[in-house]
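K.L.:
no FASTA, just this:
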């Protein structure tokens, strides 16, 4: 198990580092990365999601709890995040960055991929089902918070509309897989090895492109904020997750997925909000980097406990 976990985390960190290094050398610009992300989200991600949800077994109403728990845990993090922002006397753009970083965790390209590395396609499908709430929450709650605290309260349509369009493609892939599943259309056997290959390729390409957006600066000024965010991500969220798993009577793989996904670090999505609405990009980047670095040793301790 530790070997598979190491491979999953290694691909995640290695892909981000590769993108950062390629940008530093001038071999991959942000403009190139945007095109790569568009191609990935239009072609690769929809195929991966379609094949994964085509196979997923929807027997049992307990699976409906996964996105409900996901939204409940995510939205509950706003309480401790708001308390810290007030206590630390963060500025409005810093408060917006801190709240959105607390709200959105790296569920897809870290949580779902680790689930895949440990338990294969079935776990990947459940992990993606858990984060079905993510896009509506991002565009409704995330945009509302960023607009409230950002310096630019009107995002440029040039930036915002392509994001909405791009996120539609993976959703259509997911929906196609669900329809094929519920219609009892048999999935060809060749799809399994194809999807086993496509999932890590999709993850690596996307994260390499995302790595070009990282700006590694001194994290010293944000050490206290990083520790507070780590407490939210690795202590508060898992405790809420454990409580909700107990209340929903989840067992087996669904239980593991919830407990894994509630312990993920900050997502890359808040960085997009900082650029769209004028939030504090340096703080959001620092929180992403610090919680991601802390997640590596944390997951090696935590994952064996929840299996």
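P.N.:
Alright, I've got the coordinates. This structure is a prediction, so every number in the text was calculated from the model and none was measured. Numbering: from 1, shown residues only.
K.L.:
give me every residue that touches the most centrally placed residue in the chain.
P.N.:
The chain has residue 106 as the residue nearest its centroid, 2.6 Å off, counting by CA atoms, centre = their mean. Counting by CB atoms under 8 Å, 6 or more residues apart in numbering, residue 106 touches 264, 265, 266, 267, 268, 292. (Each C-beta comes from the backbone N, C-alpha and C, glycine too.)
K.L.:
would a markdown table of those with pLDDT, distance to residue 30 and secondary structure be doable?
P.N.:
Listed next are the contacts of residue 106 as a markdown table, based on pLDDT from 0 to 100; distance: CB to CB, whole Å; DSSP: H, G, I helix; E, B strand; the rest coil:
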| residue | pLDDT | distance to residue 30 | secondary structure |
| --- | --- | --- | --- |
| 264 | 96 | 25 | coil |
| 265 | 96 | 22 | coil |
| 266 | 96 | 20 | strand |
| 267 | 93 | 19 | coil |
| 268 | 87 | 13 | coil |
| 292 | 92 | 20 | helix |
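K.L.:
Thought residue 303 was touching residue 5, still the case?
P.N.:
Yes - counting by CB atoms under 8 Å, residue 5 does reach residue 303; the two are 5.9 Å apart.
K.L.:
overlap in contacts of the two?
P.N.:
Each of 114, 118 lies in contact with both residue 5 and residue 303 under the rule CB under 8 Å, 6+ apart.
K.L.:
So for these two, which residue has more residues nearby?
P.N.:
Relative neighbour count places residue 303 above the other of residue 5 and residue 303, with 21 against 17, counting by other CB atoms under 10 Å.
K.L.:
Model confidence for the more buried one, exactly?
P.N.:
If you check residue 303, the pLDDT there is 93.
K.L.:
How much space separates it from residue 263?
P.N.:
Here residue 303 is placed at a distance of 9 Å from residue 263 (CB to CB, to the nearest Å).
K.L.:
which phi and psi does the residue lying closest to residue 9 once chain neighbours are set aside have?
P.N.:
Once flanking residues are discounted, residue 9 sits nearest to residue 296: 5.8 Å by CB to CB, 6 or more residues apart in numbering. For residue 296, the backbone dihedrals are phi -60, psi -60 (criterion: degrees, to the nearest 10).
K.L.:
Could you report the neighbour count for residue 296?
P.N.:
Applying other CB under 10 Å, I find that residue 296 has 15 neighbouring residues.
K.L.:
just use 46 as the starting number from now, easier for me
P.N.:
That works, and once the first residue is 46, the last one we named lands at residue 341.
K.L.:
any idea how far residue 308 is from it?
P.N.:
Here the criterion is CB to CB. By it, residue 341 lies 12 Å from residue 308.
K.L.:
What of residue 121?
P.N.:
For residue 121, the distance to residue 308 - CB to CB - is 14 Å.
K.L.:
higher neighbour count, the two?
P.N.:
Shown here are residue 121 and residue 308; by other CB under 10 Å, residue 308 has more neighbours (21 against 17).
K.L.:
I'd like to know the phi and psi angles of the more buried one, please.
P.N.:
Taking degrees, to the nearest 10, you get phi -120, psi 30 for the backbone angles of residue 308.
K.L.:
And the pLDDT for it?
P.N.:
Looking at residue 308, its pLDDT stands at 96.
K.L.:
Not counting sequence-adjacent ones, nearest residue to it?
P.N.:
Spatial nearest neighbour of residue 308, chain neighbours left out: residue 283 (4.7 Å); criterion: CB to CB, 6+ apart.
K.L.:
Next: residue 150.
P.N.:
Residue 150 sits nearest to residue 309 (CB to CB, 6+ apart), 4.0 Å away.
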